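S.K.: Provide a 3D model corresponding to the input given below.
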Amino acid sequence: MAEDIGERVRITADGLRDGSLIAAARARVGGDPSFLSDAAIEASLDAALTQHPRGEDVWLFGYGSLMWNPAMHFAESRPGRVRGWHRSYCLWAHMGRGTPEVPGLMLALDKGGSSAGLLFRFPAATARAELLLPWRREMFTGAYLARWVRVDCAGGSVMAASFVANHAHPRYAGRLDEAVIARSLAVATGSLGSCTEYLAHTLAVLRAHELTDRSLERLERMVAETVAAR
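M.R.: Modelled structure (predicted):
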């Protein structure tokens, strides 16, 4: 485990809106060429919105930390299940919840299966301004791609924006053995906190909404056993 992870950072709407969180992350790692510029992040959002009917409210699907720390203003949230994508610990984290010496793992949507999570609705009039916050949060490293996904929820289904794994990014880990994932989650920590906290918060939200993820539940048990053994 890294000896010094520096000051604890919290993701907030204000920090995303004024750009200070991204600026601090860029300063922490230097000139990483895979990081997107502010202009590129906004261009990605605008490109996504051109695929959405003008004047209609916009939905965003969250499956990890967006569920328990949204850091954005939305009109409503509701449980949903995305089809054709599953939640996967498939992105290495060298900052945030890991370090270059002891990398953590972060969740992303990857192809196949399904995944339960939360939908967030943004009124059309404020959608771009509010969506810019999660776009800055998730897209600036280049490890995620924005995609429209179909999500089943109460009353039918909706098309929602979400963030999926970028297979071309050097942080993409692919399909890892659960034992490898559990060992990483048990020890990795960074400026945003530990991977064990991230896992616990994610499962807590799912359980609060009576949603299940058997893979995460297995990892929770394996991580607890790994920590106890240490």
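
S.K.: how about the helices in the chain?
M.R.: Using DSSP state H, the helices of the chain run over 13-17, 20-29, 38-49, 65-68, 127-139, 178-187, 195-208, 214-229.

S.K.: Out of those, which gets nearest to residue 164?
M.R.: Smallest distance to residue 164 across the helices of the chain (C-beta to C-beta): 10.2 Å, for helix 127-139. C-beta coordinates here come from the backbone N, C-alpha and C atoms, glycine included.

S.K.: In a markdown table: the helices of the chain, plus mean neighbour count, mean pLDDT and distance to residue 57.
M.R.: A markdown table is the format used below for those (neighbours: other C-beta atoms under 10 Å; pLDDT from 0 to 100; distance: least, C-beta to C-beta, whole Å):
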| stretch | mean neighbour count | mean pLDDT | distance to residue 57 |
| --- | --- | --- | --- |
| helix 13-17 | 16 | 96 | 19 |
| helix 20-29 | 15 | 85 | 26 |
| helix 38-49 | 14 | 97 | 12 |
| helix 65-68 | 21 | 98 | 17 |
| helix 127-139 | 21 | 97 | 7 |
| helix 178-187 | 18 | 97 | 36 |
| helix 195-208 | 18 | 98 | 23 |
| helix 214-229 | 14 | 96 | 30 |
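
S.K.: Would you mind confirming that residue 108 is in contact with residue 88?
M.R.: Yes - Residue 108 is within contact range of residue 88, at 6.2 Å (criterion: C-beta atoms under 8 Å).

S.K.: any common contacting residues for the two?
M.R.: Taking C-beta atoms under 8 Å, 6 or more residues apart in numbering as the contact rule, residue 108 and residue 88 both touch residue 165.

S.K.: so what's the most centrally placed residue in the chain up against?
M.R.: In the chain, the C-alpha nearest the mean C-alpha coordinate belongs to residue 64, at 5.0 Å (C-alpha atoms, centre = their mean). Residue 64 is in contact with 87, 106-107, 198, 202, counting by C-beta under 8 Å, 6+ apart.

S.K.: try 7 Å
M.R.: 107, 202 (C-beta atoms under 7 Å, 6 or more residues apart in numbering).

S.K.: what separates it from residue 199, distance-wise?
M.R.: According to C-beta to C-beta, to the nearest Å, residue 64 and residue 199 sit 10 Å apart.

S.K.: Same question for residue 154.
M.R.: Taking C-beta to C-beta, one finds residue 154 at 27 Å from residue 199.

S.K.: ditto for residue 161
M.R.: Separation of residue 161 from residue 199 (C-beta to C-beta): 24 Å.

S.K.: what does residue 106 give?
M.R.: Distance from residue 106 to residue 199, by C-beta to C-beta: 11 Å.

S.K.: re the thing from before, tell me how far the residue nearest to the centre of the chain lies from residue 37.
M.R.: Separation of residue 64 from residue 37 (C-beta to C-beta): 24 Å.

S.K.: can you check residue 143 too?
M.R.: Note on residue 143: its distance to residue 37, by C-beta to C-beta, is 15 Å.

S.K.: quick one, which of the two is more surrounded?
M.R.: Just comparing residue 143 and residue 37: by other C-beta atoms under 10 Å the higher neighbour count belongs to residue 143, 23 against 10.

S.K.: residues in contact with that one?
M.R.: 91, 166, 169, 171.

S.K.: tell me which of those is nearest to residue 180?
M.R.: Checking the contacts of residue 143 against residue 180 with C-beta to C-beta, the nearest one is residue 91 at 13.7 Å.

S.K.: Can you give me the distance of the residue nearest to the closest one when sequence neighbours are not counted to residue 181?
M.R.: Closest residue in space to residue 91, ignoring its immediate chain neighbours: residue 106 at 4.5 Å, by C-beta to C-beta, 6 or more residues apart in numbering. The gap separating residue 106 from residue 181 is 11 Å, by C-beta to C-beta.
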